[in-house]
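*Asks:* Okay, structure incoming, though there's no sequence with it:
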């Protein structure tokens, strides 16, 4: 039996996949203490784990900070994580000295869990609720100009906040080192190696366990007419405008529709509902998806994983860069279609495309079989119990970075030579044009070469 401390941020999408794993750890005879927040208390206690409330350590937020969190600002979330770490420092020092955990199982963006594992020298297993992101898989992330601006202008603020951690024994290079996946940390990822982008670039310290769910149900699509399920997740789900368009798009179609809109929206805003459409604050999503034939989703990792686990193809309506990465992977395996036109006609066309083309359901079924072949919560629990894990010493990224360094040197040597040639043979006055062009082309060219080198490494 081991003493296992579990840490997570106050977010459903990060907490939910950890719950079946916590239940399995308890079932296997471990003493599990789950540090979380009051809204998750009942769910956590249902796993058999001890619940420790952390609500008193949440800082008071200004209106601007609250708005930043609602808009999923990376800067604001990072700053708040740092402040929560500081406010919990004394409390967690006491917990680590009395409970003395053998292993820490912590969410990938839960700074207080990760930093205290390092501070108290306790083996750590990271829970990765999205894809694992490194320099290769991050190619799937396409940040909007707003998200890029938030990250760039937020760096000085984050650096200032990080310095406040030093006197308390938390030593970090930068925020990226706290968030980005690396090949030296034991990590659980709730997807399959097949679905994870660039899965071969991760070391053997990653356990790709498949979706972590409380369900043994199998997909059952037998019914009189198709069922369309619609949900925008648990964070940005107050979308009466979008739900109204979905209702107008599907009210005259030969389908049944279930909409899950969350507690933050007043259902009365949608008016009188057509006979074929039902709206609820919450539903048993896995149960609905086991029967659904199409799922209109915001593309949160949990929602997409549960949909594919139940062999349900998707209409993809991502709102953030992370969700866009998930959507891209779904389109890669041809299990969904992107909703690029969110008008009434656009929604209707996408739903009909999914329902009328059997290739989407065929791809979703193949992914379901792949997910169900993974070890799931049982595999995750075994991985956590046996941490820390030895490494085979094979680090694909390390090898790739060596080659990338040589590529960068060669590339800029060529650019420098071209600048000199341009200056001597044509004009020094306009030589800056070659420099700007070289800088602009640097990323796409080196990315192309890096991907080729990656593929050649795989062949070896």
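*Replies:* Received, thanks. It should be emphasised that the depicted structure is a prediction, and the values quoted were computed from it without experimental measurement.
*Asks:* Next, the contact list for residue 289, please.
*Replies:* 229, 295, 306-307, 309-310, 312 (Cβ atoms under 8 Å, 6 or more residues apart in numbering). Bear in mind the C-beta positions are built from the backbone N, C-alpha and C, glycine included.
*Asks:* Tell me which of the residues you listed fall in strands.
*Replies:* 229, 295 (DSSP state E).
*Asks:* Out of the contacts of residue 289, list just those in helices.
*Replies:* Judged by DSSP state H, the subset of the contacts of residue 289 located in helices is 306-307, 309.
*Asks:* which one of those residues has the most neighbours?
*Replies:* Tallying neighbours with other Cβ atoms under 10 Å puts residue 307 at the head of these, with 30 neighbours.
*Asks:* got a list of what residue 279 touches?
*Replies:* Residue 279 neighbours (Cβ under 8 Å, 6+ apart): 243, 258-261, 267, 270, 273.
*Asks:* secondary structure element for it?
*Replies:* Element membership for residue 279, per DSSP states H and E: strand 277-280.
*Asks:* Just give me how far that strand sits from the chain centre.
*Replies:* Centroid displacement of strand 277-280 relative to its chain, using Cα atoms, centre = their mean, to the nearest Å, is 28 Å.
*Asks:* Stretch 378-391 too?
*Replies:* Using Cα atoms, centre = their mean, the offset of stretch 378-391 from its chain centre is 21 Å.
*Asks:* Residue 106 bridge partners, please.
*Replies:* Per DSSP bridges, the residues bridged to residue 106 are residue 7, residue 126.
*Asks:* Neighbours of it, how many?
*Replies:* Neighbours of residue 106 (other Cβ under 10 Å): 25.
*Asks:* if I look at it, how far off is residue 329?
*Replies:* Between residue 106 and residue 329 the computed distance is 25 Å (Cβ to Cβ, to the nearest Å).
*Asks:* Show me where the protein dips below the pLDDT cut-off.
*Replies:* Along the chain, segments meeting pLDDT under 70 span 61-72, 143-144, 147-148, 234-238, 393-394, 399-407, 443, 449-450, 453-460.
*Asks:* any idea how far the most centrally placed residue in it lies from residue 446?
*Replies:* In the chain, the centroid-proximal residue (Cα atoms, centre = their mean) is residue 130; its distance is 2.3 Å. Relative to residue 446, residue 130 is positioned 25 Å away (Cβ to Cβ).
*Asks:* how far away is the spatially closest residue to residue 215 that is not a sequence neighbour from residue 216?
*Replies:* Spatially, and ignoring its direct neighbours in sequence, residue 215 is nearest to residue 286 (4.5 Å; Cβ to Cβ, 6 or more residues apart in numbering). Using Cβ to Cβ, residue 286 is found at 10 Å from residue 216.
*Asks:* Compare neighbour counts for those two and give me the winner.
*Replies:* residue 286 (16 against 5).
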